[in-house]
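Q: build me a model:
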Amino acid sequence: MDMSLSALPAEVFSSGAQGWYLLLDRTQGNPLAAEEDVVVPTAAAIVLEDAFFAHEPERAPLLIDLSILPGMTAEQKHFWAQLGTDGIRQSLSKGGNAMVGGWLYSAQPAEQVQRHLRRLFAQPHPDGQMHHLRYYDPRITRLLDDGLPAGQRNQLLGPIDAWWYATFPGEYRCMSADSQWPRSSHFVLTAEDWQALDLAAAYHQLVRCLAGLHELYPEAVTLDGLPGFATVCEQLRQAAAQPWVASQDDMVGCALLWLLLGRDCSERYPEVAAELQQYQQERSPTLTEWLLFAGAAFWTKPIHWPAADKTRGVIA
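A: I've put the predicted structure just below:
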């Protein structure tokens, strides 16, 4: 399946946009307030209710049926598309949620799409409880798209033919159904899937730190070549096993050092070994804060990205 980055298809911006939907995340506010000129009738704004939002129904995601919004202009849709890419940049560099969850296309009836999206929320977790899956967060969408095997990805999509979502550093990517596998709406995360997704917060913290390093030291630290989620997760797990790693921040800082300077950076660079020893004694500031302000000279070394993971389809 071609996973190349691309712009949104032209059909999204047509006046009819039959079969197209805009998925909005209301966790941090009402996205519709961001564009005051767009009036969305009640029939076009479908609230995706879930028990998770029982006490705050106003935070449940919205599914906007673009086919019954003929008054929404191409310029207004471009505004929403830009809001999606701007939001993912901000969420992965500064934290917070992106308001635009994705642009979905389905040839199936709207009711079928709604039912499927509502079913995706509650997923069994290895702890024996039902957990809420934030599939409408494009950061999580990306991790699911990258990690799930083709058959399970088809189950995630269900009646949805194509799911466009914003990805860092600010472009749209398409998750689409694989014709070599049957279509099904029965999607359940496995224990191995959760094991990887439970590292999502650490992964996103690492990406934010990397973006911060690039902003501070653009000549020394680039964003090109960051390995896929599975490879980074393996680095995080190995970092967590280090005897001196006592927190998520330690794990992220250790993995970031390995990703940028190599697993043997303490042996090859005496200043790295000295700084790590001092950190382990003082534990202040946090490891990632120390890395951010270590200085350009510290980071002006050859970057040793791990070899890209060629086994796409294995989430853990």
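Q: need phi/psi at D250.
A: Backbone torsions of D250, given as degrees, to the nearest 10, read phi -60, psi -50.
Q: please report how far F52 lies from T85.
A: 27 Å (CB to CB, to the nearest Å). C-betas here are computed from N, CA, C, even on glycine.
Q: any low-confidence regions in the stretch 201-316 of the chain?
A: 307-316 (pLDDT under 70).
Q: show me where it has its strands.
A: Taking DSSP state E, counting those that start in this stretch as the test, none of the stretch 201-316 of the chain falls into strands.
Q: more crowded one of F52 and T85?
A: Between F52 and T85, counted using other CB atoms under 10 Å, the more crowded position is T85 (19 against 16).
Q: part of a strand, is the more buried one?
A: No - read with DSSP: H, G, I helix; E, B strand; the rest coil, T85 is helix and lies in no strand.
Q: tell me the pLDDT of the spatially closest residue to it that is not a sequence neighbour.
A: Leaving aside its sequence neighbours, T85 sits nearest to G170 (CB to CB, 6 or more residues apart in numbering; 4.1 Å). On pLDDT, G170 comes in at 79.
Q: residues contacting G170?
A: With contact taken as CB atoms under 8 Å, 6 or more residues apart in numbering, G170 is in contact with 85-86, 88-89.
Q: how is the chain partitioned into domains?
A: Structural domains annotated on the chain: 10-189, 200-299, as defined by automatic domain parsing.
Q: in stretch 191-198, which residues are buried?
A: Going by neighbour count (16 or more other CB atoms under 10 Å), the buried part of stretch 191-198 is 193-194, 196-197.
Q: mind checking which of those residues are in helices?
A: In helices, defined here by DSSP state H, the members of those are 193-194, 196-197.
Q: same list (these) but as TSV, adding distance to A162 and pLDDT.
A: Shown next, in TSV, are those (distance: CB to CB, whole Å; pLDDT from 0 to 100):
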residue	distance to A162	pLDDT
D193	22	91
W194	26	91
A196	24	85
L197	23	89
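Q: just want the most central residue of the chain.
A: Closest to where the C-alpha atoms of the chain average out (CA atoms, centre = their mean) is R139, at 1.2 Å.
Q: now do the contacts for it.
A: 88, 91-92, 98, 200, 204.
Q: chain center to the strand or helix carrying it: distance?
A: According to DSSP states H and E, R139 maps onto helix 138-147. Helix 138-147 sits 5 Å away from the centroid of its parent chain (CA atoms, centre = their mean, to the nearest Å).
Q: now do stretch 77-86
A: Relative to its chain's centre, stretch 77-86 lies at 17 Å (CA atoms, centre = their mean).
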